[in-house]
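Undergrad: Following is a predicted model, sequence given first.
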Amino acid sequence: MLNASDLSQFIKHLLNERHYSEHTATNYRRDLLALIAFFNDKKLDRLAAREYLLSLEKKHYSKRSIARKLSAARSFFKYLQRESLSQENPFQNLLTPKLPKKLPNFLYPEEVRALLGCIDVKSPLGKRDCALIELLYGSGIRVVEIARLNLKDVDFSEDEIKVLGKGAKERIVLFGSLAKKALNNYLSDARPNLLAGSKTAAFFIGRRGSRLTPRQIERIITHYAKKSGLGKRVTPHTLRHSFATHLLEGGADLRIVQELLGHVSLSTTQVYTHVTKERLKKVYDDFHPRAR
């Protein structure tokens, strides 16, 4: 029998052991509360799992939402098995709906320059925000990873950062000279002002000296996207997509990009090769006299 107590322990496991973000854990909690309600008077078997899938389809959830809910259910039962709270994982062999390939949104190099160009780098917050955007774009780091960043994680002698990524896996990300300059300006001229006497190991901090959250970082990026007049939605993940796309367009090896992004599967990184092909097609259509 599923219960809320098991769910609470599972969420703690996601946050503390697997280092999932609060946002992801919240989505899991919401999906699994609905799952617990569904299984309330049913046996925990594959037949009930298929009934759950059918109920989602009848409610007209998108394929992406159904895939996410099934993934949450699969992970939850895997945890229950590990803790000897369930004998089987009824979702183990249940087929996930095939998702249409979604090309990631990215910025062109001139759009990145426009984003950085609208920042007032004379102010402490401007210096911080410039460093933030330069590092997001220059390293491909995830927003959760950059929010967790501590001072000791950044090695300026090697121009690299030790990152704790998904699944508590450590990796090294690199940054270039422009990001390094922005980071040094922030640390020397801005961070001491923002600290205002407080102490923290956090690399990126807010007005009152506390660690920036992923949501705050997202709002910062959104603010400059509007200010720059780009006319498109820009998130920290857009900068990560741009990092990968521009590396591949410059001739970088796919496996190197995979390592830098922290992708477990090469297929996850391969989506960016589709982006570069789309760009090639657009350039062809725009400039070749016989294209249309």
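TA: Yes, it's here.
Undergrad: This structure: helices as residue ranges?
TA: 4-16, 22-38, 46-58, 63-82, 109-117, 124-139, 143-148, 177-185, 191-195, 214-228, 236-249, 254-261, 266-287 (DSSP state H).
Undergrad: What pLDDT does the model give His13?
TA: What the model reports as pLDDT for His13 is 92.
Undergrad: I meant Arg292, not that one.
TA: Value for Arg292, per-residue pLDDT: 65.
Undergrad: Ok, Val283 next?
TA: At Val283, pLDDT is 69.
Undergrad: Lys101 now?
TA: Looking at Lys101, the pLDDT reads 68.
Undergrad: Repeat that for Leu260.
TA: pLDDT, Leu260: 89.
Undergrad: so how far is Leu174 from the closest residue in space to it that isn't next to it in sequence?
TA: Excluding the flanking residues, the one nearest Leu260 by CB to CB, 6 or more residues apart in numbering is Gly140, at 5.6 Å. C-betas here are computed from N, CA, C, even on glycine. Using CB to CB, to the nearest Å, we find Gly140 at a distance of 9 Å from Leu174.
Undergrad: now Pro124
TA: Distance of Pro124 to Leu174, computed by CB to CB: 26 Å.
Undergrad: what do you get for Leu7?
TA: Distance from Leu7 to Leu174, by CB to CB: 39 Å.
Undergrad: neighbour-wise, which of these two wins?
TA: Leu7 (19 against 13; other CB atoms under 10 Å).
Undergrad: I'd like to know how many residues surround the closest residue in space to the more buried one that isn't next to it in sequence.
TA: Leaving aside its chain neighbours, Leu7 sits nearest to Leu32 (5.4 Å; criterion: CB to CB, 6+ apart). Using other CB under 10 Å, Leu32 has 21 neighbouring residues.
Undergrad: Could you double-check that Asp31 lies in contact with Leu70?
TA: No: Asp31 is beyond contact range of Leu70, at 9.2 Å (criterion: CB atoms under 8 Å).
Undergrad: So for these two, which sits in the more crowded spot?
TA: Each of Asp31 and Leu70 has its neighbours counted (other CB under 10 Å); Leu70 has more, 21 against 17.
Undergrad: ok now do the more buried one, which residues does it touch?
TA: Going by CB atoms under 8 Å, 6 or more residues apart in numbering, Leu70 touches 53, 91, 94, 96.
Undergrad: Any figure for the gap between it and Lys63?
TA: Relative to Lys63, and taking CB to CB, Leu70 is found at 10 Å.
Undergrad: Contact partners for the most centrally placed residue in the chain?
TA: With distances taken as CA atoms, centre = their mean, the residue of the chain nearest its centroid is Arg142 (4.8 Å). Residues in contact with Arg142, defined by CB under 8 Å, 6+ apart, are 165-166, 236-237, 240, 262.
Undergrad: neighbour-wise, which of these leads?
TA: Pro236 (24 neighbours).
Undergrad: That one - nearest residue in space that isn't next to it in sequence?
TA: Nearest to Pro236 is Val143, by CB to CB, 6+ apart, at 3.8 Å.
Undergrad: pretty sure that neighbour contacts Thr222?
TA: No: Val143 is beyond contact range of Thr222, at 12.0 Å (criterion: CB under 8 Å).
Undergrad: Thr268: neighbouring residues, count only.
TA: Quick note: Thr268 (other CB under 10 Å) scores 12 neighbours.
Undergrad: now it: how far from Pro236?
TA: As judged by CB to CB, Thr268 and Pro236 stand 18 Å apart.
Undergrad: what's the closest of the contacts of Arg142 to Lys43?
TA: Using CB to CB, Lys166 is the member of the contacts of Arg142 that sits closest to Lys43, with 33.4 Å.
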